[in-house]
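Trainee: Show me the folded form of this:
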Amino acid sequence: MNGMKKIGIIIGSLRKGSFCRRAALALIPLAPKGVELEILEIGGLAMYNQDLDEGAPPPEWVAFREQIKRIDAILFITPEYNRSIPAVLKNAIDVASRPQGKNVWNGKLGAVMSLSPGGLGGFGANHHLRQTLVCLNVITMQQPEAYIGGAATLFNEQGELINDTTRTFFKQFIDAFNVFINRVSRV
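Mentor: Sure thing, here's the model as predicted:
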């Protein structure tokens with residue numbers, strides 16, 4: 001893969017001040033040289049309904065599918081809702097994997113980060129999402145794993161990352177994802 005790599009970030013929370021959005025914004029300036037991180041918004045996607053895909057699908061679906069096609073890799077940042085991923089994230093996954101035979105996730109490179117105010121760091125959501133990505137043929141980075149616990153203590157009132165240990169981990173994580181993309185892209 002030559003030139004600028006484009007990594008799309010999908011945030012699994014719609015809340016303006018979500019920890020996941022704060023993490024995404026903290027990761028953007030940490031990207032290695034030659035890597036551009038871009039947040040792909042999913043809040044405006046209508047719930048997937050196969051009937052809407054027959055004929056002219058909603059323009060938001062078409063635009064989102066095109067965004068996924070043009071990126072090199074995808075970073076999912078998710079909270080945990082009831083030991084799983086939020087409905088809005090599952091909907092975005094479904095929209096881009098349909099209609100049958102037109103899965104735009106197919107062969108994409110991916111990574112998963114989960115955040116939670118609790119100590120488990122969204123472990124359940126992280127693994128549930130990974131299970132879904134297997135079905136979609138998203139080639140997912142296995143290590144380092146990213147379960148960010150205690151998320152409420154990591155950011156200041158302005159949403160900026162204030163924990164240096166977490167900043168160091170974020171940098172290591174995005175650098176590892178870049179190495180993974182380079183390695184898999186050469187195969």
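Trainee: Contacts for the longest helix along the chain, please.
Mentor: Determined from DSSP state H, the single longest helix within the chain is helix 164-186. If you take C-beta atoms under 8 Å, 6 or more residues apart in numbering as the criterion, helix 164-186 is touched by 1, 5, 7, 23, 26-27, 30-32, 34-35, 37, 72-73, 75, 109, 111, 113, 139, 141, 143-144, 146, 148, 154, 161. All C-beta spots, glycine's among them, are computed from the backbone N, C-alpha and C.
Trainee: Which residue ranges of this structure form helices?
Mentor: 19-27, 50-53, 59-70, 87-97, 123-136, 164-186.
Trainee: Same list, these, but as TSV with distance to I42, mean pLDDT and mean neighbour count please.
Mentor: Below are the helices of the chain laid out as TSV (distance: least, C-beta to C-beta, whole Å; pLDDT from 0 to 100; neighbours: other C-beta atoms under 10 Å):
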stretch	distance to I42	mean pLDDT	mean neighbour count
helix 19-27	11	97	22
helix 50-53	16	94	12
helix 59-70	7	98	15
helix 87-97	4	98	21
helix 123-136	14	96	18
helix 164-186	20	95	15
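Trainee: ok, the residue lying closest to A26 once chain neighbours are set aside - contacts?
Mentor: Nearest residue to A26, sequence neighbours excluded (C-beta to C-beta, 6 or more residues apart in numbering): L161, at 4.0 Å. L161 is in contact with R22, A23, A26, L154, F155, R167, F170, counting by C-beta under 8 Å, 6+ apart.
Trainee: would you list those residues in JSON lines and tack on distance to I181?
Mentor: Written out in JSON lines, the entries for the contacts of L161 read as follows (distance: C-beta to C-beta, whole Å):
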{"residue": "R22", "distance to I181": "24"}
{"residue": "A23", "distance to I181": "19"}
{"residue": "A26", "distance to I181": "20"}
{"residue": "L154", "distance to I181": "26"}
{"residue": "F155", "distance to I181": "27"}
{"residue": "R167", "distance to I181": "21"}
{"residue": "F170", "distance to I181": "17"}
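Trainee: At the geometric centre of the protein, which residue do we find?
Mentor: Nearest to the geometric centre of the chain sits F76, at 1.4 Å (C-alpha atoms, centre = their mean).
Trainee: wait, that residue sits on A111?
Mentor: Yes. Using C-beta atoms under 8 Å, F76 is in contact with A111, at 7.2 Å.
Trainee: re the thing from before, which ones are touching the residue nearest to the centre of the chain?
Mentor: Shown in contact with F76 (C-beta under 8 Å, 6+ apart): I9, I10, G12, L89, G110, A111, V112, M113, L129, L133.
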